[in-house]
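Participant: give the three-dimensional model of this entry:
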Amino acid sequence: MKSKKMEYVEKLSSQMIEWDNQIEELKDKEENAAPALREEYSEVIEALQAKRYEAAQKLQGLSVASDDGWEDLRVAVDELWDEIKTILHDVFTKSK
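Facilitator: Numbers count the residues shown, from 1 in each chain. The predicted structure is shown next:
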């Protein structure tokens, strides 16, 4: 049986793949956007890539954290996750 930590790490790993796909989708939208919107897309993509990198670092920390200590890291990861979801939601809602 998998531990809660392992389930969480797997869930975050899958989510990061989805974020990568969404960032690529935004890059495509940026290429096809009107010049006025390209800069906005570029800023959002840059912010998302920074957050995604931060998530990757935290994922590494989660992977090696003790079974007792990983819960503290999870709180920080959950906050970061919420930030990324909000940014993605806002940009995809705005671009429809």
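Participant: alpha carbons only for contacts and neighbour counts from here, please
Facilitator: OK.
Participant: now stretch 23-33: mean pLDDT?
Facilitator: The pLDDT scores in stretch 23-33 average 92.
Participant: let's have the chain start at 3 instead
Facilitator: OK, 3 is where the count begins now, so the last one is stretch 25-35.
Participant: any idea how far Met18 is from Asp92?
Facilitator: 18 Å (C-alpha to C-alpha, to the nearest Å).
Participant: so which of those two has more stuff around it?
Facilitator: Neighbour totals were compared for Asp92 and Met18, and Met18 leads with 18 against 11 (other C-alpha atoms under 10 Å).
Participant: which strand or helix spans the more buried one?
Facilitator: helix 6-34 (DSSP states H and E).
Participant: list the buried ones in the lowest-mean-pLDDT helix or strand in the chain?
Facilitator: Using mean pLDDT, DSSP states H and E, the weakest-scoring helix or strand in the chain turns out to be helix 72-96, at a mean of 88. Neighbour-count burial for helix 72-96, counted by 16 or more other C-alpha atoms under 10 Å, picks out Trp72, Arg76, Val79, Leu82, Trp83, Ile86, Leu90.
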